[in-house]
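Novice: sequence and computational prediction follow.
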Amino acid sequence: MLKDPCCDPKTQMCDPYDYTHYLKEVSVFTQVTGVLLDIGSLISVLPQVWKLYKQKATSGISLHMFIMAMYNQWNTIESIFMAQFNKVMACFQTAKCWTNLVSLFQYFLIFLGYIVAYTQYIYYEGKEIEQTKRLQNNLPPLSFPYATSTVTDAQHRKNWIVYSIFIVYMCISIPGGIVAGIYYGNCDTVFTTFIFIYQITAMITSVLEWVPQIIKTYKCKSCGSFSLLGMCIQTPGQAIGLFVMIGTKTAWYVWLTTVCSLILHTTLLVQLIYYYFFYLGGEFRKNKYITISEKDKQQDKQPSEDNLV
C-alpha cells in the first residue's frame, strides 16, 4: 500500500499506510438514495442516446453544448476524484468506501452517456453531409433517409479535431490527478487549489454548455432531437445529487458545479415542457395529429370493397 503523504507519524498519531480513517459514517437513507441516484443518472442519459440513434439527426441540438458538456463533466469528475483521493485509496483496504464516493459514481455515469451522445452527433453529422452531397450530385440517397446539412466538410473536420483534443485532454488528466494525489495528498495547499480551479472551470463550462442550448431551444421553439424525458430525469437527479453531497460530507467547493447545473437544467426543462405541451397547441399534439393523419392517408389509399366489386 502507498504511504499517505498527509500522515507524519513523528507529529501525528496515525498510520501512514491506513486510509480508512478518512471515511465518514453515512446513514442508510443516504446510502439508498445514493444507489438510486447512480441508477437514475445512468437512466437519465439513455433517452438522449436512444433519441439520437432513432432519429439519426442533429437538429435541435447544440454541438457547442456537447463540447462544453464533456469538459464540464470531466472537470467535475476530476475535481471530485482529487477531493476524495484519500477515500479512493481506502477502497484498496475496504469495500465500504463506496458509500463515500456516490457523487463520483454519479458524474462518471452521466459522463459515459454524454460522450456516447457526443460521438453519435459527430457521426450523424458526417452522414448528413454525405446525404447532402448525394442529393446535390443527383446520386442515389443513402439507405437510411438521413437529413441534409448545411455544415461543410471543413467545419466537420474541425469538429472531429475538437473531439480528438478532448480525448487527449482526458487521457492526460487521468494520470496527472493520480500522481499528484500520491505525492502531495489532500492536505497540500497547491493540490486543493487545483481542485478548486477544476470546480471553477467546471462551473464556467456548465454555463457555456447549457446557455447555448437554452438559446437554441428558444429560437427553435421546439424540442427537436433533444430528449425531454432525459431532462425530466436529470433535473431531479441534480437536486438529489446535491443532497447526497451534503449527506456524505463532501467539501463545499465541490458543490459549486452541481448548484449551477441545477439552475440551468431547471431553466431548460421548463422550456422543453412549454414548447412540447403548450406552445402553439403543443408539439405533442401536433405529432399526435400527424400520426393520425398518416394513418388516415394509408386507409384512403387502400381500395374499398365497393371498388373491388
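Specialist: On my side now, so go ahead. Just so you know, these numbers come straight off a predicted model, no measurement behind them.

Novice: next, count neighbours for Met13.
Specialist: Counted with other CB atoms under 10 Å, residues neighbouring Met13 total 6. Yep, even glycine has a C-beta here, placed from its N, CA and C like the rest.

Novice: show the pLDDT at it.
Specialist: According to the prediction, Met13 has pLDDT 81.

Novice: Thr94 versus Ser81, what's the distance?
Specialist: Careful, residue 81 is Phe and not Ser. Distance of Phe81 to Thr94, given as CB to CB, to the nearest Å: 18 Å.

Novice: out of those two, which sits in the more crowded spot?
Specialist: Phe81 (22 against 11).

Novice: contacts only, for the more buried one.
Specialist: Val88, Leu104, Gly177 (CB atoms under 8 Å, 6 or more residues apart in numbering).

Novice: show me what the helix or strand Tyr107 falls within is packed against.
Specialist: For Tyr107, the host element (DSSP states H and E) is helix 102-136. Contacts defined by 3 or more CB pairs under 8 Å, 6 or more residues apart in numbering; DSSP states H and E place helix 102-136 against helix 28-55, helix 63-83, helix 153-183, helix 228-247.

Novice: element containing Glu209, please.
Specialist: helix 189-220.

Novice: ends of stretch 53-67, how far apart?
Specialist: Terminal residues of stretch 53-67 lie 19 Å apart, using CA to CA, to the nearest Å.

Novice: how far off centre is it?
Specialist: 13 Å (CA atoms, centre = their mean, to the nearest Å).

Novice: same question, stretch 41-53
Specialist: In this view, stretch 41-53 has its centroid 10 Å away from the chain centroid, taken as CA atoms, centre = their mean.

Novice: got it, and stretch 39-54?
Specialist: Per CA atoms, centre = their mean, the centroid offset for stretch 39-54 relative to its chain is 10 Å.

Novice: list the buried residues for it?
Specialist: Neighbour counts over stretch 39-54 (16 or more other CB atoms under 10 Å) mark Gly40, Ser41, Leu42, Ile43, Ser44, Val45, Leu46, Pro47, Gln48, Val49, Lys51, Leu52 as buried.

Novice: pLDDT on that stretch, on average?
Specialist: Stretch 39-54 shows a mean pLDDT of 82 in the predicted model.
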